[in-house]
Structures are given as C-alpha cells and as structure tokens.
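# What would the 3D arrangement of this be:
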Amino acid sequence: MVEPELDIAEAQRAVLARIDPLPAVTLPLMAAYGRALAADPHARWALPGAAVATMDGWAVRSGDLLATDANVVRLRIAGESAAGHPSRALLRAGEAARISTGAVIPPGADAVVAQEDCTRHGDELAVDRGRVGRFAAGHFVRAAGSDVAAGARLLTTGAVLGAGELALLAGCGLGEAPVHRPPRLALLSTGDELVPPGATPQPGQVVNSNALMLACQARAAGAEVIDLGIARDELDSLRAALQRGLEADLLITCGGISVGDHDLVLPTLLGLGGALVFRRVRLRPGRPSSFLLVPAPDGRPRPVFALPGNPASAHVAFELFVRPALLRMQGRDWQRPRRRVTLTAAAPCDPRRAHLVRARVIGDQATPLPDQTSGALRSIAGHNALLELPPGTCPMEPGASAMALLLGEP
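Below is the predicted model:
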C-alpha cells in the first residue's frame, strides 16, 4: 500500500481540491438561517420606498425657514402624515404637517423640524429657528433608496445568513433564499472495546465518547449527522456499515486505522474501491489521519475521512480536515481566525512534525492545557484554541510567541 504522508497545508489542499459545493436549494428565510447563499440576491424594491421622517415633528418646506431671518417662523398646520398612513395632500408654502418617525414626507415638503423645536397654537405652528440650529432641505429626512436601491445586489454568494442578513432580504421583498443544503455526514465508530454513552464499561471496554464529540463538531460546522453506531472488528459487519455510510455526502470513521491485526478500516475501504489520497499527516496529535475517495452505491465517489481513535487526535484531525470539507460543501469560508499570542506556560514541541497544542486563549495570552496526551479526554476539555507549533527540539518557554488557531470563545 502506498502511504503518502503530507504536511498540514498539503493535506488541506488535497482535501479541498476534491470537494465541491453541494447543489443549491431554495428555502424560506427562517429555514435558511445559518446557511450560505448559493447566488447573489437582489432587492425587489428600494429601501426606503419613499422619503421618510427620522424624527417626530413637523414636515415643512425648507424654503419657508430659509427665506427669513426671523427667530420664529409661523406656519399654518395642514394635515398629518403618520406611519402607515401617508398624507396625499400637497403641502403648500407657509404650511406644516404633523409627522411621525418613519412616516412618508408629504408632497411638497422636503424637511422635518423636531417636535421640541416648535410650539403649537391652535392651527398655527411657531418654529424656533434658534432651537432648530443648522437647517437645510433633507433635515431629519431619509431619502428614498438611501438604504438600498431597487435591484441592488444585497449580499454576495457565500455570505452566511444571520439575523441581520435575513432581515435585509425580507425588507427588500424576498421571502426565500437560494442556499447550499446542509451536508449529510455519516459517522461510524469502530472497535470491540466501545460501549455507547450511558452504558457502564466492563473490563477492557471504554465509552464511545468520540462519536459524541465528532457529532457536535459536525453539527457546529452545519452538517446533519447520521450516527451509524459502533462497528465491531469483524470484516463483514464493518463492510456493511461502511456501505451504509457511503450513502451520505461524507463519511467519517473513527478508530481502527493503525497497523494491528484488528485495524480493518483502511483495508476494507480499499476493498470497496477506495482511492487513498493520504495515509498520514506530519501532525501531532492526529498523524494516522487518512483521506480516501470511495465509490458510493450511486457510482459517485464519496469523501471518507478515517480518523484515529485517540480523542485529541480525532478532535484535531476533524478541525483541520473534516471541518474545511463540510464548509466547502456549503459554499462557506472554512478558514478560522488566527492570532499571535504569548505563552503563559511552557508548551511541548515535536522534533519531526507540527504540534497542535490545545490551549486557552484570552486576549493575546495563551495557556496550554497541562495534559497534551492524545488519549486523555482532559486534553480536549476547556480549550478554545490550537497553538500551531512548528517542528522543534525544545519546549517553548513562557513568554514565547506562537500562532493560535481560534476555535471559539473561552
């Protein structure tokens, strides 16, 4: 078996070169929340659709206030324009109309004076020029189309639809959006030693906590997870489980990829016609991580990630390779933010491969977790960053600088 071993960047490029965005679907706006746009949406109408007031007060003709040096300008009150009830009457010279915030500016008016800058006396309005201050046409007016022009591109393909983005689409006349559908990810755990969460392990058994961890990581990346359960170390049942998993868009296996007599995952995938892209990565933890393309029942190849069984190895490998694939399938940017940080404690290095050290980052300070053992569950609990430490022969001491891959809030 050819076993190519790549560095992290090479492995990521190899994965992304073989992943395409999934076909677009059109969803109602609420259902599209958190999805990435598959096409550019355009406004059906302008926002605002007409000039509107930005202040409760009085709609006026600016010329009436600018044509005199008097401290008080007296205008005749002529009607009202309220939100949802625009005035159709033409505002003539020397007139003012009551107006509320968001209401359409009446025909003939081109400015608004604030309510507190005026005094009403029956049918007459006294405008205090001193209180109004600097004044011109457009005072306290939002022009038609000043937010969005009719037909304007609202967002670009690939934008993730959050609350504000969906509000923009809705306000501009769209009730649905073209998005990439969520990828269906099949997750298969392997090993006779595994028992499901909630079960009490017998001697020699361990709880299958990796499946829970990987399912959570996958859902956070926008995938729909199909849990295939636990496959035992037996060729026929393993092959059947893998074939079920190939019906999804992407398959993850966890465990069973070392070189022992009971490590059957890779030989079985190759026996199903799988083409090995890489077998190992110059990475700690997660070196045995493998990536294949395996023909599915429909004849099309499916991406398959065979991840190690140690929890930190599986966690890091998912973050570096599976998550980018899932986001690429959704047409989303897969890059995590990075930050230069200062270590508050020593961090181990590996002399031959990059070491991804789990750490807590607050501001520009990074504290490596004390236990970096790949098989220790505590080595993945409580971190929010991976320190990217290049191959080296010595530990990095407190005060040293490192690049952190930021995973989330502390």
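
# Now do the SS call for residue 11.
helix (DSSP: H, G, I helix; E, B strand; the rest coil).

# next one: residue 211
helix.

# Just give the closest residue to it, not the sequence neighbours.
Computed as C-beta to C-beta, 6 or more residues apart in numbering, the closest residue to residue 211 that is not its neighbour in sequence is residue 189, at 4.8 Å. From N, CA and C alone the C-beta is placed, and that goes for glycine too.

# what about the one you found, how many residues close to it?
26 (other C-beta atoms under 10 Å).

# Show the backbone phi and psi for it.
phi -100, psi 150 (degrees, to the nearest 10).

# Kindly report the same for the one 10 residues further on.
Reported as degrees, to the nearest 10, the phi and psi values for residue 199 are phi -80, psi 150.

# pretty sure it is in contact with residue 207, am I right?
Yes: contact criterion C-beta atoms under 8 Å: residue 199 and residue 207 qualify, at 7.0 Å.

# neighbour-wise, which of those two wins?
Using other C-beta under 10 Å as the criterion, residue 199 and residue 207 rank with residue 207 on top: 17 against 11.

# What's the per-residue pLDDT of that one here?
As predicted, residue 207 sits at a pLDDT of 94.

# what's across from it in the sheet?
Beta-bridge partners recorded for residue 207 (DSSP bridges): residue 195.

# OK, contacts around it?
194-197, 199, 201 (C-beta atoms under 8 Å, 6 or more residues apart in numbering).

# Most neighbours among those, please name it.
The most crowded member of the contacts of residue 207, judged by other C-beta under 10 Å, is residue 194 (23 neighbours).

# Name the nearest residue to it, sequence neighbours excluded.
Spatial nearest neighbour of residue 194, chain neighbours left out: residue 208 (4.3 Å); criterion: C-beta to C-beta, 6+ apart.

# related to what we said a few turns ago, nearest to residue 339, of the contacts of residue 207?
Closest approach between those and residue 339, by C-beta to C-beta: residue 197, at 33.8 Å.

# Now for the closest one: which residues touch it?
207-209, 211-212.

# about what we covered before: can you report phi and psi for the residue nearest to residue 194?
According to degrees, to the nearest 10, residue 208 has phi -80, psi 70.

# For stretch 230-239, buried residues please.
230-233, 238-239 (16 or more other C-beta atoms under 10 Å).

# Just the ones of those residues in strands?
230-231 (DSSP state E).

# Farthest pair within the buried residues of stretch 230-239?
Longest span within those, C-beta to C-beta: 230 and 239, 15.0 Å.

# Excluding sequence neighbours, find me the nearest residue to residue 91.
residue 108 (3.7 Å).

# Run through the residues that contact the one you found.
61, 90-92.

# Mind giving me the ChimeraX command for buried ones among those residues?
Command for ChimeraX that selects the buried part of those, burial taken from 16+ other C-beta under 10 Å:
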select :61,91
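
# is it true that residue 31 lies in a helix?
Yes: under three-state DSSP, residue 31 falls within a helix.

# What about it, how many residues nearby?
13.

# what about it, distance to residue 25?
Look at residue 31 and residue 25: by C-beta to C-beta, to the nearest Å, they are 9 Å apart.

# Helices along the protein, start to end?
Ranges of helices in the chain, per DSSP state H, are 8-16, 62-66, 129-132, 163-171, 209-220, 235-245, 265-271, 311-317, 323-329.

# one step back: want to throw the contacts of residue 197 into a markdown table with distance to residue 288?
Formatted as a markdown table, the contacts of residue 197 follow (distance: C-beta to C-beta, whole Å):
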| residue | distance to residue 288 |
| --- | --- |
| 207 | 21 |
| 208 | 18 |
| 209 | 19 |
| 211 | 18 |
| 212 | 21 |
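
# nearest to residue 273, of the residues you listed?
Looking across the contacts of residue 197 and measuring by C-beta to C-beta, the closest to residue 273 is residue 211, at 25.8 Å.

# and the residue lying closest to residue 51 once chain neighbours are set aside, how many neighbours?
Sequence neighbours aside, residue 105 is the residue nearest to residue 51 in space, at 4.3 Å (criterion: C-beta to C-beta, 6+ apart). Residue 105 has 27 neighbouring residues, counting by other C-beta under 10 Å.

# List the contacts of residue 105.
50-53, 59, 81, 99, 112, 141.

# Now a ChimeraX select for only the buried ones of the residues you listed.
Only the buried members of those enter the following ChimeraX selection, criterion being 16+ other C-beta under 10 Å:
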select :51,52,53,59,81,99,112,141
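
# Switch the contacts of residue 105 over to TSV; also include pLDDT and distance to residue 40.
Shown next, in TSV, are those (pLDDT from 0 to 100; distance: C-beta to C-beta, whole Å):
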residue	pLDDT	distance to residue 40
50	96	26
51	97	28
52	97	27
53	98	32
59	98	37
81	97	35
99	97	36
112	98	35
141	98	30
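
# Among the contacts of residue 105, which lie within strands?
Counted as lying in strands by DSSP E, out of the contacts of residue 105, are 52-53, 59, 81, 99, 112, 141.

# what's stretch 275-284 in contact with?
In this structure, residues lying in contact with stretch 275-284 by C-beta under 8 Å, 6+ apart are 1-8, 11, 14-15, 18, 266, 270, 287-294, 301, 316-317, 320, 350, 352-356, 374, 391.
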